[in-house]
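Q: let me see the structure of the following:
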Amino acid sequence: MNTDALKDLLYRLADDQLILGHRNSEWNGLGPILEEDIAFSSMAQDKLGHSLQLYSLLHQLGEAEPDMVAFTRNAPQFHCAQLVELPIGEYDFSLIRHFLYDHAELLRFEALAQSSYEPLAQVARKLKGELKYHTLHANTWVKQLGSATEEAIERLQNSLNFTLPYALGLFEKTAQEEAIIADGIFVGEDAIKTRWEENITKVLNQTALEMPDLASLTPVYGGRTGQHTEYLQPLLDEMAEVFRLDPTAEW
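A: Numbers count the residues shown, from 1 in each chain. Predicted coordinates for the structure are as follows:
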C-alpha cells in the first residue's frame, strides 16, 4: 500500500473536518433560532471529533500527535478545500455550505467504509451514521427555506451560486489520486462528485431553487496543495492561541 497516498488522503479529510468544525462553532450563540444555535454547535463538535480520529490514524502512520498536527502548522501546510475556511457570513451562506459539504462527506465516508485500509474503513463505518444526520438537517432547512418567502429563496439562490465553485474544490485531485484508487483505499473524486451532483439536485428540485450548470462553473482549486484564502491563517492563529501558550500542558 502506498503510505504517502494514504497520508495525503487522511490530511485532506481531517483538515476539512477541523476547519469547518471551527467555523461552524462560531454560530454558538448567534443562530437565527435556538434550535439552529444548538444544531450548528453539535455538528461542529462532531466534526472536531471526526478530525481527531483521522489525525489519530495519521499518528499511527508516523505523523505527529493530533494536537501538534492540528495546532502547529501554518496555512500553506494545510490540505483543506477553500470552501471550509471562508467566514460564516450570514446564515444562508453557512446553511448552503453545510448542505453542499455534508452531502459530499457522507458519500465519501460511505465509500471509505469499504476501503482496503481497514483502520480507515472502521472509522468511516462509525462516522457515516453521524453524517447522515448532518445531511438530514441540511436537507430539512434547505427544503423549508428554499420554498418559503421570496426573500428567503433569493438569499439561498445567491448563496448557492456563490458557493458552488468553492464546493467543487472539494473534489480537487492531487498527485496521489491514481495511487489511492489503485490500492483500493478510495474510489476517487470523480465517482463521489457524480453521485454528489445527483443527490443535491434531487433535494433542490423539491424547492424553488435552481441548480446551476456545474459544467459552466470554474472550480476553486488550490486548497489541497496549500493555496488558501486570506481567512485561513487568522483562523489558525486563533485556534492555536491557547495551545501555543504551553504545548506541553495537559488539560
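Q: now the closest residue to S147 other than its chain neighbours. Its backbone dihedrals?
A: If the residues on either side of it in the chain are set aside, S147 comes closest to T207, at 5.0 Å by Cβ to Cβ, 6 or more residues apart in numbering. (Each C-beta comes from the backbone N, C-alpha and C, glycine too.) Main-chain torsions, T207, degrees, to the nearest 10: phi -130, psi -180.
Q: what's around T207, how many residues?
A: For T207, the count of nearby residues is 18 (other Cβ atoms under 10 Å).
Q: isn't it right up against V142?
A: Yes. The criterion here is Cβ atoms under 8 Å, and T207 meets it with V142 at 6.5 Å.
Q: ranking helices and strands of this structure by mean pLDDT, which lands last?
A: When each helix and strand of the chain is scored by mean pLDDT, DSSP states H and E, helix 241-245 comes last, with a mean of 68.
Q: sketch out the low-pLDDT regions of the stretch 151-251 of the chain for me.
A: Within the stretch 151-251 of the chain, the ranges that satisfy pLDDT under 70 run 242-251.
Q: one more time with 90, if that's ok
A: For the stretch 151-251 of the chain, the stretches with pLDDT under 90 are 239-251.
Q: what about the helices in this structure?
A: Ranges of helices within the chain are 3-25, 34-60, 66-71, 82-85, 91-112, 118-145, 150-168, 177-182, 189-204, 232-239, 241-245, based on DSSP state H.
Q: how about the ones you listed in TSV, adding distance to V220 and mean neighbour count?
A: Output for those, formatted as TSV (distance: least, Cβ to Cβ, whole Å; neighbours: other Cβ atoms under 10 Å):
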stretch	distance to V220	mean neighbour count
helix 3-25	14	23
helix 34-60	21	18
helix 66-71	24	18
helix 82-85	5	25
helix 91-112	12	23
helix 118-145	20	17
helix 150-168	5	18
helix 177-182	18	17
helix 189-204	14	17
helix 232-239	13	16
helix 241-245	28	11
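Q: for L217, which of the ones you listed is the nearest?
A: Nearest to L217 among those is helix 150-168 (5.0 Å), distances taken as Cβ to Cβ.
Q: what's the offset of the closest one from the middle of its chain?
A: On the basis of Cα atoms, centre = their mean, to the nearest Å, helix 150-168 is displaced by 17 Å from the centre of the chain it belongs to.
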